[in-house]
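Asks: Structure for the following, please:
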Amino acid sequence: MAYDTLIIGAGMSGLAAGIRLAQFDRRVLILERHSLWGGLNSFYKLKGRMFDSGLHALTNFAPRHAAGLPLTRILRQLRIPYEALKLGEQAGSRLIHAGRELRFHNDPRLFFEEFARVFPGEIDGLRRLVADFPGYDAPPGGADCDDSARARLSQYIRDPAAVDCLMLPTCIYGSAREDDVDWDQFTFLFRAIFLEGFSRPEGGIKSLLDLLLARLKAVGGELRTNCGVRRILTRAGSVTGVELDSGEEIPCERVFSSAGHTETLRLLDPRDVPSAAPGRDPAHADQSRAPRLSYFESISVTAEAPAAYGYGDTVTFFNLGERFRYRVPTQDIDSESGVICSPNNFARTTPLAEGMLRLTVLANHAHWTRLAPDEYAAAKQDAADRMLAAATRAVPALSALPPRVLMRDTFTPRTLEHYTGHLGGAVYGAPRKSRDGTSGVGRLSLIGTDQGMLGIIGALLSGITIANHHVLAESLR
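Replies: Here you go, the predicted model:
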């Protein structure tokens, strides 16, 4: 069968793009290397329990009838009923930086009150900052999109600690850039976290993925799992199809790839890779596109919900040092900063049967990949213990966690690279993004992480935006 579009990767962006194209009667096939769909935000079963492998929280919460916000726009374009998500709002979250604490939840007034309490001389600057944010309708990829958010913040806020407080959550929840975040991504992430807020689908990430898959099939799109792409085929500088790991060749009119920029170009014949792109010559690769930042995470299961031993936050961003440092650690992990999350602390119609707590910190990919098999398991347990000890310095209630743990699972940059295909286990991809989705190769478009729209909502928007662009372009021919 001939397809209009082949999509590499069944993550959020791939599923959203597939749905949107199929709604316009395009013949779409999504190719997923692994047995489960979801990509960076998927699910797995271990010892009889279901786990989310990426979801901390669904950002950009919006009430059902809120018009013009990302969540409601996405649902409208994918034709998914709001009620189908069964969203539970956060109980409340905290930002802890060098002993300073700011609370926030889905009413943005609380965060502004807390910022004024902790940094009374900077609240007017914060209000001016937010007033100057571009609207959601601003075209992507403006001249200042790659600007340093840290530098822009300093134009509004003088206290370095206040700047660090704003950088901490926006970096941890979306930046591929060391010690900084792109200005356009900062504005999106600030809105997502502080102006709109957090929620969680009642059934976790699997329930959202199941909705997307059902919608894809309902509009005629197809998904093949256990189906990796070995090569992207081209002729005269444009895509003609793909070759699968099995050797099967599938022709198509275009390819959308959510694999990442460098990872996608590595699927091409080197002669077809743009000369300045990474992947053509590793010795002279464009380092601005080299993925670097990865994470280490543990998930602890307890008989009681975390609130029973004193942890009532939905999400806690913490930084223990006087300054916030966001870069590849020199050692296995950097537990000076990170994020804590409990899915129990979202509103639910039925409480979760067990308690669950996630801890996440930056990690060094090179360290984890060079460990021998007999060293790896012990190193994971040691790193998880040190991470918990650091988090307990920020949140003393976590000292009650260890004796309550029924099981703990951990994953490293090595795990992330294996299951997502992202080089270096880089969750947020390469520092330099392609906002318009162009790859430099004809009829090959980037979606997802390296298109520059991050998180679950950003990934869905990415797939929809690039799909809409191609449908519009075709209609104008």
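
Asks: Can you list the low-confidence ranges for the stretch 351-477 of the chain?
Replies: Scanning the stretch 351-477 of the chain for pLDDT under 70 picks out 475-477.

Asks: can you rerun that using 80?
Replies: Along the stretch 351-477 of the chain, the parts satisfying pLDDT under 80 run over 472-477.

Asks: Tell me where it has helices.
Replies: For the stretch 351-477 of the chain, the helices defined by DSSP state H, counting those that start in this stretch occupy 365-369, 373-394, 413-420, 455-475.

Asks: can these go into CSV with extra columns for mean neighbour count and distance to K47?
Replies: To be clear about C-beta, it is placed using only N, CA and C from the backbone, and glycine gets the same treatment. Below are these laid out as CSV (neighbours: other C-beta atoms under 10 Å; distance: least, C-beta to C-beta, whole Å):
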stretch, mean neighbour count, distance to K47
helix 365-369, 19, 23
helix 373-394, 16, 16
helix 413-420, 21, 17
helix 455-475, 21, 26
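
Asks: Please name whichever of those helices is nearest to E248.
Replies: helix 413-420 (23.1 Å; C-beta to C-beta).

Asks: quick check: angle from the closest one to helix 373-394?
Replies: Relative orientation of helix 413-420 versus helix 373-394 (axes from the mean of the first three to the mean of the last three C-alpha atoms, to 10 degrees): 110 degrees.

Asks: Could you list the residues in contact with helix 413-420?
Replies: Contact with helix 413-420 is made by 34, 39-40, 42, 53, 294-296, 363-365, 368-369, 376, 422-427, as judged by C-beta atoms under 8 Å, 6 or more residues apart in numbering.

Asks: Using PDB, list the CA coordinates for stretch 4-23.
Replies: The C-alpha coordinates for stretch 4-23 follow below in PDB (Å, rounded to 0.1, in the frame of the first residue of the first chain):
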ATOM      1  CA  ASP A   4       1.100   9.900   1.800                       C
ATOM      2  CA  THR A   5       3.000  10.200   5.100                       C
ATOM      3  CA  LEU A   6       5.200   7.900   7.100                       C
ATOM      4  CA  ILE A   7       5.800   9.000  10.700                       C
ATOM      5  CA  ILE A   8       8.900   7.700  12.600                       C
ATOM      6  CA  GLY A   9       8.000   7.300  16.300                       C
ATOM      7  CA  ALA A  10       4.700   6.800  18.000                       C
ATOM      8  CA  GLY A  11       5.200   9.400  20.700                       C
ATOM      9  CA  MET A  12       2.900  12.200  21.500                       C
ATOM     10  CA  SER A  13       4.000  14.300  18.400                       C
ATOM     11  CA  GLY A  14       3.800  11.300  16.100                       C
ATOM     12  CA  LEU A  15       0.300  10.300  17.200                       C
ATOM     13  CA  ALA A  16      -1.000  13.800  17.100                       C
ATOM     14  CA  ALA A  17       0.400  14.400  13.600                       C
ATOM     15  CA  GLY A  18      -1.000  11.100  12.400                       C
ATOM     16  CA  ILE A  19      -4.500  11.900  13.700                       C
ATOM     17  CA  ARG A  20      -4.400  15.400  12.200                       C
ATOM     18  CA  LEU A  21      -3.300  14.200   8.700                       C
ATOM     19  CA  ALA A  22      -5.700  11.300   8.700                       C
ATOM     20  CA  GLN A  23      -8.600  13.700   9.500                       C
END
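
Asks: Chain neighbours aside, what residue packs nearest to G241?
Replies: If the residues on either side of it in the chain are set aside, G241 comes closest to P251, at 4.0 Å by C-beta to C-beta, 6 or more residues apart in numbering.

Asks: Just to be sure, that neighbour is in a strand?
Replies: Yes. When DSSP: H, G, I helix; E, B strand; the rest coil is applied, P251 is found to be in a strand.
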